[in-house]
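Peer 1: return a 3D structure for these sequence lines:
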Amino acid sequence: MVNGEAVAQQLDVGAPEDASAASVNLAKLLWLDDEFVNREALSGCLGDRYLCANNKLFAQIRHLFLSFGFCYSTETTRLWRDYDSAPLLMIQDILDAKTVPYKDNAVTLRSISSRSPSLEMSVESLLSLVNRNYLLHESAHCISYHMLASKLKTTELRENKNTYVLVALLCESYANTIERLAAALATSPTHQIFYTMNSYIEPPTGGTFLRDCIRVFGLTKVSAVGMLVFLHYNCHDVALTAHSKRAIFEAASERQRLTESEAALLNALVGNGFGLNRKFRTETTPMFFRYLGCEQEFQQICRALFEPGALSSLGIPDSIADLLSATCDGVDV
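Peer 2: Numbers count the residues shown, from 1 in each chain. Presented below is the predicted three-dimensional model:
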């Protein structure tokens, strides 16, 4: 086994902030990914083996996903074709099939490299010319749905639209949070390249702030803050209000006594550590529930969710705690 972060420097992609403009040798990139052999990783997905070995949160999500009986597939089934055409509308189909489709882009790149072993390209070209996979995000959806709905039969959950909407919102918030925190763990240029090839988001420039917060509060508490912030953003087309921040602060802190500096840092995390594309929260999320016939229930939950006492009465802090216990316990980042 090699040290991924150390060997990654051999690719000479420059400093993290310059990575998109740098060049990489395709054969070297494939070689580095091939150095990591893991029975839970996918050799056909570029960067998957590297991330399973070098990103502890990515690896934990993979382990939970497989342990809950889900699987990945490159078979060009109806689900694969539908997901390829409209991925944001296929999440319930993925959950029902317990299968996440993906593209074996590493197989294609190995074929290209064999024809041109010295081929170099800019990172920007790699990211724009090669189709990405989104296994981390979709895996997180599967894990959270499995855990949050485990006590309900699927038909019952669908019939109870209010519960279904709440579970779906929590699942999306969990997936958003996992993706953002795993991105913050990508500290080398090559790690960032592989991560971007497997995520809806790129590693944030503010990753150091998130890593500092994890060191202070622990992964579980930072993840809880993230879930609550994303829950707000998926429900409201407005910035976080002082009232919403207070509700998130109380739910995430579990009413523990904090020092003044810890409270200030946690407040900064609530306000600045996480963000969501406005178009996604104003168009995509409502459209998803409209598609599933739950738009009215979604609007009702949005209006009530951050009212005084609503988070606790709906059992959200407890649901988040159960989910994050399975996710974060024992994960030393």
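Peer 1: going forward, measure contacts between C-alpha atoms and count neighbours the same way
Peer 2: Fine.
Peer 1: where does the stretch 1-150 of the chain have low pLDDT?
Peer 2: Residues of the stretch 1-150 of the chain meeting the criterion pLDDT under 70: 1-21.
Peer 1: can you show me the strands along it?
Peer 2: 23-25, 71-73, 99-101, 120-122 (DSSP state E, counting those that start in this stretch).
Peer 1: buried sites along the second one?
Peer 2: Judged by neighbour count using 16 or more other C-alpha atoms under 10 Å, the buried positions of strand 71-73 are Y72.
Peer 1: centroid-nearest residue for the chain?
Peer 2: A centroid search over the chain (C-alpha atoms, centre = their mean) returns E179, at 2.4 Å, as the residue closest to the centre.
Peer 1: and the closest residue in space to that residue that isn't next to it in sequence, how far is that from G271?
Peer 2: Setting aside the residues directly before and after it, E179 is nearest to H137 in space (C-alpha to C-alpha, 6 or more residues apart in numbering), at 6.2 Å. Distance, H137 to G271, by C-alpha to C-alpha, to the nearest Å: 23 Å.
Peer 1: on that earlier part again, wait, the residue nearest to the centre of the chain sits on S199?
Peer 2: Yes - here E179 lies in contact with S199, judged by C-alpha atoms under 8 Å, at a distance of 7.2 Å.
Peer 1: anything in contact with each of these two?
Peer 2: Common neighbours of E179 and S199 (criterion: C-alpha atoms under 8 Å, 6 or more residues apart in numbering): 136-137.
Peer 1: tell me the pLDDT at N277?
Peer 2: Looking at N277, its pLDDT stands at 77.
Peer 1: run a quick neighbour tally on it.
Peer 2: Using other C-alpha atoms under 10 Å, the number of residues around N277 comes to 9.
Peer 1: for D212, same thing?
Peer 2: 12.
Peer 1: can I take it that it is in a helix?
Peer 2: Yes - using DSSP: H, G, I helix; E, B strand; the rest coil, the secondary structure at D212 is a helix.
Peer 1: quick one: it from L269, how far?
Peer 2: D212 is 10 Å from L269, by C-alpha to C-alpha.
Peer 1: got any residues that touch both of the two?
Peer 2: By C-alpha under 8 Å, 6+ apart, no residue touches both D212 and L269.
Peer 1: might you report the residue contacts of the residue nearest to the centre of the chain?
Peer 2: Per C-alpha under 8 Å, 6+ apart, neighbours of E179: 136-137, 199, 201.
Peer 1: quick check: which element contains it?
Peer 2: Per DSSP states H and E, E179 falls inside helix 161-184.
Peer 1: just after that helix, pick out the following helix or strand.
Peer 2: Counting by DSSP H and E, the element after helix 161-184 in chain order, helix or strand, is helix 189-196.
Peer 1: pLDDT on that next one, on average?
Peer 2: 94.
Peer 1: again, but for stretch 326-333
Peer 2: Here stretch 326-333 scores 89 as its mean pLDDT.
Peer 1: convert the C-alpha atoms of that stretch to CSV, please.
Peer 2: In CSV, the C-alpha atoms belonging to stretch 326-333 read as follows (Å, rounded to 0.1, in the frame of the first residue of the first chain):
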residue,chain,number,x,y,z
ALA,A,326,-23.8,5.1,12.3
THR,A,327,-21.9,7.4,10.0
CYS,A,328,-19.4,9.1,12.2
ASP,A,329,-18.6,6.8,15.1
GLY,A,330,-15.1,5.5,14.7
VAL,A,331,-14.3,7.7,11.7
ASP,A,332,-11.1,9.6,12.6
VAL,A,333,-10.7,12.4,10.2
